[in-house]
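Undergrad: Give me coordinates for this.
(2 chains)
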There are 2 protein chains.
Amino acid sequence: MGWGDVGAFGEPSKETPNLDQMASEGMLFLDFYTANPLCSPSRAALLTGRLPVRNGFYTTNAHARNAYTPQDIVGGIPDSELLLPELLKKAGYVNKIIGKWHLGHRPQFHPLKHGFDEWFGSPNCHFGPFDNRELPNIPVYRDWEMIGRYYEDFRIDLKTGEANLTQIYLQEALDFISKQQASQKPFFLYWAIDATHAPVYASKQFLGTSQRGLYGDAVREIDDSVGKILKHLQKLGISENTFVFFTSDNGAALISAPKQGGSNGPFLCGKQTTFEGGMREPAIAWWPGHIPAGGVSHQLGNVMDLFTTSLSLAGLQPPSDRQIDGIDLLPAILQGKLIDRPIFYYRGNEMMAVRVSIYKAHYWTWSNSWEEYSKGINFCPGQNVSGVTTHTKEEHTTLPLLFHLGRDPGEKYPLSFASDEYQRAMEQISGVVQQHKATMLPGVPQLNVCDKAVMNWSPPGCEKLGKCLKPPKSDPQKCFWPH
Amino acid sequence: MGWGDVGAFGEPSKETPNLDQMASEGMLFLDFYTANPLCSPSRAALLTGRLPVRNGFYTTNAHARNAYTPQDIVGGIPDSELLLPELLKKAGYVNKIIGKWHLGHRPQFHPLKHGFDEWFGSPNCHFGPFDNRELPNIPVYRDWEMIGRYYEDFRIDLKTGEANLTQIYLQEALDFISKQQASQKPFFLYWAIDATHAPVYASKQFLGTSQRGLYGDAVREIDDSVGKILKHLQKLGISENTFVFFTSDNGAALISAPKQGGSNGPFLCGKQTTFEGGMREPAIAWWPGHIPAGGVSHQLGNVMDLFTTSLSLAGLQPPSDRQIDGIDLLPAILQGKLIDRPIFYYRGNEMMAVRVSIYKAHYWTWSNSWEEYSKGINFCPGQNVSGVTTHTKEEHTTLPLLFHLGRDPGEKYPLSFASDEYQRAMEQISGVVQQHKATMLPGVPQLNVCDKAVMNWSPPGCEKLGKCLKPPKSDPQKCFWPH
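TA: Numbering: from 1, shown residues only, chains lettered A, B, ... in the order given. You can find the predicted model right below:
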């Protein structure tokens, strides 16, 4: 989902009454970012509070390429990483993930091995249907074992766009919340639904209800679900004791437009890119009785902050034996403070850009390759900013392209290199970048090796269901990342 | 000002708390249009309820060119046109215009000859400073006579961007409202400030207060002023008896970006074009106790509707001896109804595009000429949609380019000509266009002839001020319209 997909953020159909109400009762974050413009690294960053280059969710197979966790990925979240639910357990929290895990699907990466107590969802995206010979269909897990596969046991009709998955995920969420409330246990629910990701789907009752086509229908179903979750918290009387945060893992995928693509509002390009459209996210914090209603924050935020902020809410300290990139947002949320901190935009292990206060410096620019572009894959359709949306990787490290994101949120007008403003801003930014690079210790890259043998052929539980498939011979290879 | 310049419409700095509050107390119109992507025709349409091609505010000097009322324009609003204040007088209204008139500056076009009782402002834009030899500075009128000139008596500091004009216009508004309330007279105030138009200015107290530079400072001053006007109405106890509508005359001028340009949100291009960025406008209706708070309307609206709606509020009928294009929006505003009506997008006397429900068909496309473009004048900076943002006038009348503005508000993905959806939508649109063209009776074009002798050399009142200038010999010529 993109920054511009929510009414409160300016989507011109304004079809998200529940998210808009959440914003009017809570706080809107206008300058909130993901840690990577792609799903897996973004989620790994959220759960570890660390940049993907630190937690291993990157590739060095090619320069400045994004990578994720398809079925044949060998790597996943390392045991050495401390995940939010592992830490929350120490404060007695019951932790559940509903939806897409995406931090590796081999047994050692199972979410219940990394601090979650419950799981309902899938390890990978809902791509498919597959033939179960060349490629197995994606399994759906309940806790330790699979209970079926997408397209087989969990229907997604690609023709009509109908699938009731979001409803199933919603019910799981409501049930989990009720259960924790009944047992008076503190809980952490990571509601990581995969709706709005292509192939886009929505439940029957939402099909055709949006001005925006199937994608808008999916947004409406998410909006409705968020509304039901918030109302459920209120009904159970625990809304003033439950912190809720809504955000997305990357910008809307403009390659899927117009039929299945969302909106990044006034921002440049989309998913996969380090322009604002790829990394600035809709973000709403909600906590009645604590967060002033109708608040709007310009605090530079990041999904990694949810790690540190959640620990803070639970009265816990973040680990001190490693670099944590997320900051505690509570002073911004509860007292309206503005904490000075940079935002780093990475692709792979390359720092492409950095934002410091209102300025953003691009050290490298790249939208997508000529090869992809010539095949019709375009991360910036209809947008062509000379020297900015480059189809080759362009290095600007000696003279970074600098934008003032207040006057120019769309990154269309680089500041003149000769201007005083450029000199002043770059002086500050250079110091931040130097310090960042000097202390950067990259983790072991997890997304370099692929092997068809590790795909979801025989997930635990497949025997009971008669759904075990025979893996091919192991043949580890370098993963190929087209983007 | 553009659609994307207001927080409630999605401006990413969200610096318009008063307009946002006006929206939360009133109704947001998301699909509201101007009648022309340029100032004078848009204002003529607002005040007559008629398309510029009918009321004469167009040119035939060149095909599909926009035109306005610079100092050397010979034409202006014809006496045969009935303006909103002329009609409101019949219901006892006292009418005042504050700010830019723009409907012709020769004596016969004076606003007090067309229904206004009071005027404080200027006949043309605040361009300048001029030398008073080749070109006179623009006069500022109080009622019948000039009281000074811009840059001479009304300072605009182009270096610092400081000018207190909006504050003067605000005070005029507050005083007028107080006076009418005291005398218990119904009133019509047309608060037509020219702030945010380049050269952009703001009062000292607003300079540097926005994340968006000088343009944002000007928006903040407008926002603050609107807030003060609304509070004044409340303080006087007449807010429940006063209908207020906020909108703009055309989309943000992207040619003025990044230093003096606004935002058209997710829409394509800007001022001067018939893409959504040129003609879709921010629009908020406010009338406490009558308009349901927090309303959002998808009614297709137009500045011309303010003519008919205002008459309706005053219990008057629109003239029946001529075609009126504006409709009465009260059913949409007060009862949430959706009235089926088309939106026509004109340049000169050429219907470039038409919107019917969610579909928009471009019969002609043109952003700006190659000649302008090669000089760096670009109405669509950073945006290049193949076959859509054309630099020559491209005719598509046999197969119009069709967009679904719900799925594709940015007009980036024309529908396939072969699709059923295209066929179905175009069938409906063709009928609407045929009917429109069959009954179209263009007015006498007012914006064809220019003459340096008619410029603001010696406006009434200049003698008293010693500010009369000597006009050159009359030499009427065809106006040259570059856009």
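Undergrad: in a strand, that's where A:Ala353 is, yeah?
TA: Yes. A:Ala353: assigned to a strand according to DSSP: H, G, I helix; E, B strand; the rest coil.
Undergrad: any chance you could read off phi and psi for the residue nearest to it when sequence neighbours are not counted?
TA: Take A:Ala353 and drop its neighbours on the chain: the residue closest to it by C-beta to C-beta, 6 or more residues apart in numbering or on different chains is A:Tyr345, 4.0 Å away. C-beta: built from backbone N, CA, C; applies to glycine. Here is the backbone geometry of A:Tyr345 (degrees, to the nearest 10): phi -110, psi 110.
Undergrad: Which single residue in the stretch 351-483 of chain A comes nearest to chain B?
TA: A:Gly406 (3.3 Å; C-beta to the nearest C-beta).
Undergrad: Would you check that that residue makes contact with B:Leu214?
TA: No. Counting by C-beta atoms under 8 Å, A:Gly406 stays clear of B:Leu214, with 11.3 Å between them.
Undergrad: Look at those two and report which has more neighbours.
TA: Shown here are A:Gly406 and B:Leu214; by other C-beta atoms under 10 Å in any protein chain shown, B:Leu214 has more neighbours (23 against 19).
Undergrad: Is the more buried one in contact with B:Thr160, as I believe?
TA: No. Counting by C-beta under 8 Å, B:Thr160 is not a contact partner of B:Leu214; they are 9.1 Å apart.
Undergrad: Need the overlap of contacts for those two.
TA: Jointly contacting B:Leu214 and B:Thr160 under the rule C-beta atoms under 8 Å, 6 or more residues apart in numbering or on different chains are B:Leu207.
Undergrad: I'd say the residue nearest to A:Ala353 and A:Gln272 touch.
TA: No. Contact criterion C-beta under 8 Å: A:Tyr345 and A:Gln272 do not qualify, at 12.0 Å.
Undergrad: which residues are common contacts for those two?
TA: With C-beta under 8 Å, 6+ apart, A:Tyr345 and A:Gln272 have common neighbours A:Pro37.
Undergrad: just the helices in chain A please.
TA: Under the criterion DSSP state H, chain A contains helices at A:17-25, A:39-48, A:52-55, A:84-89, A:165-183, A:213-235, A:276-279, A:303-313, A:330-335, A:370-374, A:420-438, A:462-465.
Undergrad: tell me the angle of the second one relative to helix A:303-313?
TA: Translated: helix A:39-48. 20 degrees (axes from the mean of the first three to the mean of the last three C-alpha atoms, to 10 degrees).
Undergrad: what's the answer for the fifth one, then?
TA: Between the axis of helix A:165-183 and that of helix A:303-313 there is an angle of 20 degrees, by the same axes, to 10 degrees.
Undergrad: In the stretch 1-150 of chain A, which residue sits nearest chain B?
TA: Closest point on the stretch 1-150 of chain A to chain B, by C-beta to the nearest C-beta, is A:Gly10, at 1.3 Å.
Undergrad: B:Phe267 is in contact with that residue, correct?
TA: No. If you go by C-beta under 8 Å, A:Gly10 and B:Phe267 don't touch, sitting 10.8 Å apart.
Undergrad: what domains does the record give for chain A?
TA: Using the TED database, the domain ranges for chain A come out as A:7-339, A:347-439.
Undergrad: Need those in a markdown table (columns: mean pLDDT).
TA: A markdown table is the format used below for those (pLDDT from 0 to 100):
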| stretch | mean pLDDT |
| --- | --- |
| domain A:7-339 | 97 |
| domain A:347-439 | 97 |
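Undergrad: To B:Pro288, which of the ones you listed lies closest?
TA: Taking C-beta to C-beta, domain A:7-339 is the member of the domains of chain A nearest to B:Pro288, at 18.2 Å.
Undergrad: what sits against A:Gln423?
TA: With contact set as C-beta under 8 Å, 6+ apart, A:Gln423 has no partners.
Undergrad: swap the cut-off to 10 Å and go again
TA: Counting by C-beta atoms under 10 Å, 6 or more residues apart in numbering or on different chains, A:Gln423 touches A:Leu402, A:Leu415, A:Phe417.
Undergrad: and those residues near chain B, which?
TA: Intersecting the contacts of A:Gln423 with the contacts of chain B gives A:Leu415 (criterion: C-beta under 10 Å from any C-beta of the partner chain).
Undergrad: is it possible to export the contacts of A:Gln423 to JSON lines including neighbour count?
TA: Formatted as JSON lines, the contacts of A:Gln423 follow (neighbours: other C-beta atoms under 10 Å in any protein chain shown):
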{"residue": "A:Leu402", "neighbour count": "21"}
{"residue": "A:Leu415", "neighbour count": "21"}
{"residue": "A:Phe417", "neighbour count": "12"}
